[in-house]
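Peer 1: Mind folding the following:
(chains A and B)
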Amino acid sequence: MAEAEYRLQIVTQQKTVFNQMVTSTTLPGEDGFFGVWAHHAPIIAVLKAGAVDIRRGSQTQRVQITGGFFEMESNRATLLADSLTGIVEQSEE
Amino acid sequence: MPENLKALRGRIKSINSTKKITRAMEMVSAAKLRKTEGIMKAARPFMERIQSLLGRLAQSTFAQENALFQKSETGIPLLVIFTSDRGLAGAFNTNILKAAVKELKANPAMKAFVIGRKGRDFLRRFHKDRIYKELTDLNGSLEGNVTDAIGDELLNGFLDGRFSRVELLYPHFISTATNRPKVERYLPLEAEKFGVDPNEAGRQIDYLLEPSPERVFDALMPRFLKSKIYLTLAETYTSEHSSRMLAMNNATKNSSELAGKLTLRLNKARQSAITTEIIEIVSGAEAQKG
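Peer 2: Have a look, this model is predicted:
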């Protein structure tokens, strides 16, 4: 059976840079890195500068953020990034 | 007395070159409008997300006790006026400044933080004593250092008691054809704006807040306030370009109309000069026959 997925949106002030299904995300929280999988409890977290790893199946993408916020509720996640570097590949969808 | 053909030709020529300039300005504004409108629309989702996050937090007690939600007793009310650096944009700046004067008259203690050369020049001439700060030559910039500097200044000024409240006055972009001056409360925050139900104040929020509720709130608040400035500036630029585009479109139309009228006058005058000449020749020839 395929791993459970959830929708992740990455939004910056300039545009929505990413919007697709992912398996897990690793984020730089203020108290350290944490991972978010599907069906995570509702959360709002403050992020510091660092790398965000976005995984879908066996593929992983990494983007750098300078800070921001992460929200997840009913299996929909939003990453509000202050600014973002790194190539975000917008495959299918 | 026949009209002066040479003078008429000169006027038509000058009107046509004015028309070329206004048409070029119209096209430049149209291009800039597309760009800034895109920026403004792209910034909205981010803003809405931040606002909805805050809305969820604002419900709780610690948020309502936050200084940013409290009315301040000290300091002066501040009006932040968004105008453009350049003119030739129809009634754009006039409308904003009219609203500004109304606002300043209604609140005698209020000072103005004026953005844009047009607003600055106007206030310097007529309300010099009301200027708190001036900021000009942004050149359409939406760089983080510009918007953050404004946001920080307003936020810090409010927190250290220099301002009792802060209002933004900016041209609200309704459509390409319409923008209207709008006064909006910036600080203190109004809980109702975030969809907070006063009857449910203090309700527990069922979110994990990392690292702590206070920290999340303290980080979100400035972000929200800076984004608000970013969006307001983007809206000001968009409205400016749409106003200028319309003004220049009208100017181009007027020049066409005027050039048409003058050409008609020129042709009539030329025709009557020719007729007069022919009559002179014919009557001269008739006289010779006689």
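Peer 1: Next up, the contacts around B:Tyr186.
Peer 2: Counting by C-beta atoms under 8 Å, 6 or more residues apart in numbering or on different chains, B:Tyr186 touches B:80, B:154, B:165-168, B:225, B:228. (C-beta placed from N, C-alpha, C; glycine too.)
Peer 1: As TSV, the residues you listed with neighbour count would be great.
Peer 2: Converted to TSV, these look like this (neighbours: other C-beta atoms under 10 Å in any protein chain shown):
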residue	neighbour count
B:Val80	23
B:Leu154	23
B:Arg165	18
B:Val166	24
B:Glu167	18
B:Leu168	22
B:Leu225	24
B:Lys228	21
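Peer 1: Could you single out the nearest of those to A:Val36?
Peer 2: B:Leu225 (27.4 Å; C-beta to C-beta).
Peer 1: ok so, going back, how about JSON lines for the contacts of B:Tyr186, with distance to B:Leu123, secondary structure and pLDDT added?
Peer 2: As requested, the contacts of B:Tyr186 are exported to JSON lines (distance: C-beta to C-beta, whole Å; DSSP: H, G, I helix; E, B strand; the rest coil; pLDDT from 0 to 100):
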{"residue": "B:Val80", "distance to B:Leu123": "12", "secondary structure": "strand", "pLDDT": "95"}
{"residue": "B:Leu154", "distance to B:Leu123": "18", "secondary structure": "helix", "pLDDT": "94"}
{"residue": "B:Arg165", "distance to B:Leu123": "20", "secondary structure": "strand", "pLDDT": "91"}
{"residue": "B:Val166", "distance to B:Leu123": "17", "secondary structure": "strand", "pLDDT": "94"}
{"residue": "B:Glu167", "distance to B:Leu123": "16", "secondary structure": "strand", "pLDDT": "94"}
{"residue": "B:Leu168", "distance to B:Leu123": "16", "secondary structure": "strand", "pLDDT": "95"}
{"residue": "B:Leu225", "distance to B:Leu123": "24", "secondary structure": "helix", "pLDDT": "92"}
{"residue": "B:Lys228", "distance to B:Leu123": "23", "secondary structure": "helix", "pLDDT": "93"}
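Peer 1: what helix or strand does A:Leu80 sit in?
Peer 2: Taking DSSP states H and E as the criterion, A:Leu80 maps to strand A:76-81.
Peer 1: could you say what helices and strands that strand packs with?
Peer 2: strand A:6-12, strand A:16-22, strand A:24-29, strand A:68-73, helix B:5-58 (3 or more C-beta pairs under 8 Å, 6 or more residues apart in numbering or on different chains; DSSP states H and E).
Peer 1: Scan the helices and strands of chain B for the one with the lowest mean pLDDT.
Peer 2: helix B:61-64 (a mean of 68; mean pLDDT, DSSP states H and E).
Peer 1: returning to that earlier point: report the two of the contacts of B:Tyr186 separated the most.
Peer 2: B:Arg165 and B:Lys228 (14.7 Å).
Peer 1: ok, back up a step: ok, which of the helices and strands packed on strand A:76-81 comes nearest A:Arg56?
Peer 2: Nearest to A:Arg56 among the helices and strands packed on strand A:76-81 is strand A:16-22 (4.9 Å), distances taken as C-beta to C-beta.
Peer 1: Is the closest one in proximity to chain B?
Peer 2: Yes. Counting by C-beta under 8 Å from any C-beta of the partner chain, chain B has neighbours in strand A:16-22: A:Thr16.
Peer 1: can you tell me the average pLDDT over that strand?
Peer 2: Average pLDDT, strand A:16-22: 89.
Peer 1: Now do it: distance to the chain's middle.
Peer 2: Centroid separation for strand A:16-22 versus its chain: 8 Å, with C-alpha atoms, centre = their mean, to the nearest Å.
Peer 1: any idea how far A:Val36 lies from chain B?
Peer 2: Here the criterion is C-beta to the nearest C-beta, to the nearest Å. By it, A:Val36 lies 11 Å from chain B.
Peer 1: Get me the contact residues on chain A for chain B.
Peer 2: Close to chain B, as judged by C-beta under 8 Å from any C-beta, chain A has residues A:11-16, A:29-31, A:34, A:41-46, A:69, A:71, A:73, A:78, A:80, A:82-83.
Peer 1: Spell out which residues of the stretch 151-290 of chain B are next to chain A.
Peer 2: Within the stretch 151-290 of chain B, the positions adjacent to chain A are B:206-211, B:215-216, B:219-220, B:223, B:227, B:230 by C-beta under 8 Å from any C-beta.
Peer 1: can you list those residues in TSV and add neighbour count and secondary structure?
Peer 2: Converted to TSV, these look like this (neighbours: other C-beta atoms under 10 Å in any protein chain shown; DSSP: H, G, I helix; E, B strand; the rest coil):
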residue	neighbour count	secondary structure
B:Asp206	9	coil
B:Tyr207	20	coil
B:Leu208	14	strand
B:Leu209	19	strand
B:Glu210	20	strand
B:Pro211	14	coil
B:Arg215	15	helix
B:Val216	24	helix
B:Ala219	19	helix
B:Leu220	21	helix
B:Arg223	22	helix
B:Ser227	21	helix
B:Tyr230	25	helix
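Peer 1: What does the pLDDT read for residue 48?
Peer 2: No chain in the question, so chain A it is. With respect to pLDDT, A:Lys48 scores 92.
Peer 1: ah, no, chain B please
Peer 2: 89.
Peer 1: Could you list the low-pLDDT ranges of chain B?
Peer 2: Across chain B, the ranges flagged by pLDDT under 70 are B:1-3, B:61-64, B:195-205, B:290.
Peer 1: in it, which spans are strands?
Peer 2: B:76-82, B:111-115, B:131-135, B:163-173, B:179-187, B:208-210 (DSSP state E).
Peer 1: Having no further points to raise, I will conclude here.
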